[in-house]
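In: Mind folding the following:
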Amino acid sequence: MAQTIVTDTGFAPDDWNGCAAPLADGLPANATAVDVAPSDDVTLLADALTRLTMIRIGFPSSADGRGFTLARRLRAMGYRGRLRADGHVLADQYAMARRSGFDEVAIDAALAARQPEDQWLARADWRAHDYQARLRGASLARDNASRATGVA
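Out: Sure, this is the predicted structure:
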């Protein structure tokens with residue numbers, strides 16, 4: 001089944017045509033891509049991170065946020081390859097997916113029809129609207145006001 005890939009620039013066709021091994025089945029020594037389930041232990045990938053070009057983390061439900069934690073953990077472990085959220089991720093969750101370390105989200109045609117590209121693009125500027133950015137903005141405004149009034 002064809003998937004729609006969501007990136008910061010909108011919808012795109014899936015340009016990846018490799019074969020991914022399920023982590024639950026054990027990672028073959030020559031594998032360059034792996035499918036990770038929300039319940040998988042990604043620390044098992046530690047020795048393979050430099051050779052993996054794609055890691056797809058499954059989202060069986062939009063209410064299951066374990067994939068965000070796995071993505072963050074993989075990036076903290078040093079994974080620099082392509083990281084894809086695959087499944088039931090909603091447009092409202094796109095910014096969280098990007099902040100967690102995902103490069104892209106793969107959705108099926110039905111979800112793409114229910115949540116068209118403009119809904120995803122509304123969340124594409126994921127760096128500008130996060131809580132920490134708002135705090136940095138408030139802090140910067142306070143610092144500028146202090147300098148202007150001479151009050152520290």
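
In: what helix or strand is the most centrally placed residue in the chain on?
Out: Geometric centre of the chain, nearest residue: residue 102, 2.1 Å, by CA atoms, centre = their mean. Under the criterion DSSP states H and E, no helix or strand holds residue 102.

In: which residues touch it?
Out: When contacts are counted by CB atoms under 8 Å, 6 or more residues apart in numbering, residue 102 touches 57, 71, 83, 84, 85. C-beta coordinates here come from the backbone N, C-alpha and C atoms, glycine included.

In: can we see that at 7 Å?
Out: Contact analysis of residue 102 by CB atoms under 7 Å, 6 or more residues apart in numbering lists 71, 83, 84, 85.

In: What separation do you get for the nearest residue to it once chain neighbours are set aside and residue 29?
Out: Leaving aside its sequence neighbours, residue 102 sits nearest to residue 85 (CB to CB, 6 or more residues apart in numbering; 4.7 Å). Look at residue 85 and residue 29: by CB to CB, to the nearest Å, they are 26 Å apart.

In: When the two are compared, which one has more neighbours?
Out: residue 85 (28 against 7; other CB atoms under 10 Å).

In: Give me the phi and psi for residue 84.
Out: Backbone torsions for residue 84, taken as degrees, to the nearest 10, come to phi -120, psi 130.

In: tell me the secondary structure for the residue nearest to it when sequence neighbours are not counted?
Out: Distances taken as CB to CB, 6+ apart place residue 56 nearest to residue 84, at 4.7 Å, with adjacent residues excluded. Three-state assignment for residue 56 (DSSP: H, G, I helix; E, B strand; the rest coil): strand.

In: Residue 56 contacts residue 20, correct?
Out: Yes. Contact criterion CB atoms under 7 Å: residue 56 and residue 20 qualify, at 5.8 Å.

In: list the residues that contact both of these two?
Out: With CB under 7 Å, 6+ apart, residue 56 and residue 20 have common neighbours residue 35.

In: Enumerate the residue intervals of the chain where per-residue confidence is below the cut-off.
Out: 1, 126-152 (pLDDT under 70).

In: mind listing the strands for it?
Out: Taking DSSP state E, the strands of the chain run over residues 4-7, 10-13, 21-22, 33-36, 54-59, 82-87, 104-107.

In: Touching, residue 14 and residue 6? I think so.
Out: No. The pair residue 14 / residue 6 is not scored as a contact, 10.8 Å apart, by CB under 7 Å.
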